[in-house]
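Asker: Coordinates only, no sequence provided:
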């Protein structure tokens, strides 16, 4: 599910500052990167289901592997994990309304932080 009302889409900022800001807001980048792209995840476990708020970004300048890059963020997605297949983002998925609200609140905090560090 694409979270349309997010103010983070197309924001550009330094990779290390984005890493710090998203980590402060509960996201993990871990090994989910290559030299041109990054993926940040925040995991939610509700009852017997697992959901991920995922933010993608790509390097518009520099190299993610060298930790010197300017990242442009894409629209965040909310997905549901299905073992062993992975995460599905389709509009046909059912997401708890309280989870959607929580994700929107988190993204508002992230957007405020990005305002301070954006290029």
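Answerer: Yep, it's here. Remember, predicted model here, so these are calculated numbers, not experimental data. Numbers count the residues shown, from 1 in each chain.

Asker: alpha carbons only for contacts and neighbour counts from here, please
Answerer: OK.

Asker: from the chain's centre, how far out does the worst-scoring helix or strand of the chain on mean pLDDT sit?
Answerer: One helix or strand of the chain scores below all others by mean pLDDT, DSSP states H and E: strand 86-88, with a mean of 83. The chain centroid and the centroid of strand 86-88 are separated by 15 Å under C-alpha atoms, centre = their mean, to the nearest Å.

Asker: Just the buried positions in that strand, please.
Answerer: residue 88 (16 or more other C-alpha atoms under 10 Å).

Asker: what's it in contact with?
Answerer: Applying C-alpha atoms under 8 Å, 6 or more residues apart in numbering, the contact partners of strand 86-88 are 52, 79-82.

Asker: Apply 7 Å and report the result again.
Answerer: Counting by C-alpha atoms under 7 Å, 6 or more residues apart in numbering, strand 86-88 makes contact with 79-81, all of which sit outside it.

Asker: As JSON lines, those with secondary structure, neighbour count and distance to residue 73 would be great.
Answerer: Below are the contacts of strand 86-88 laid out as JSON lines (DSSP: H, G, I helix; E, B strand; the rest coil; neighbours: other C-alpha atoms under 10 Å; distance: C-alpha to C-alpha, whole Å):
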{"residue": "79", "secondary structure": "strand", "neighbour count": "23", "distance to residue 73": "17"}
{"residue": "80", "secondary structure": "strand", "neighbour count": "21", "distance to residue 73": "21"}
{"residue": "81", "secondary structure": "strand", "neighbour count": "16", "distance to residue 73": "22"}
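
Asker: Please convert these to CSV, extending it with pLDDT and distance to residue 11.
Answerer: Converted to CSV, these look like this (pLDDT from 0 to 100; distance: C-alpha to C-alpha, whole Å):
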residue, pLDDT, distance to residue 11
79, 94, 22
80, 94, 25
81, 91, 27
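
Asker: Take the residues you listed and write them to CSV, including distance to residue 66.
Answerer: Below are the contacts of strand 86-88 laid out as CSV (distance: C-alpha to C-alpha, whole Å):
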residue, distance to residue 66
79, 29
80, 32
81, 31
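
Asker: now the strands for the chain?
Answerer: Here the chain has its strands, by DSSP state E, at 12-14, 37-46, 49-63, 68-73, 77-82, 86-88.
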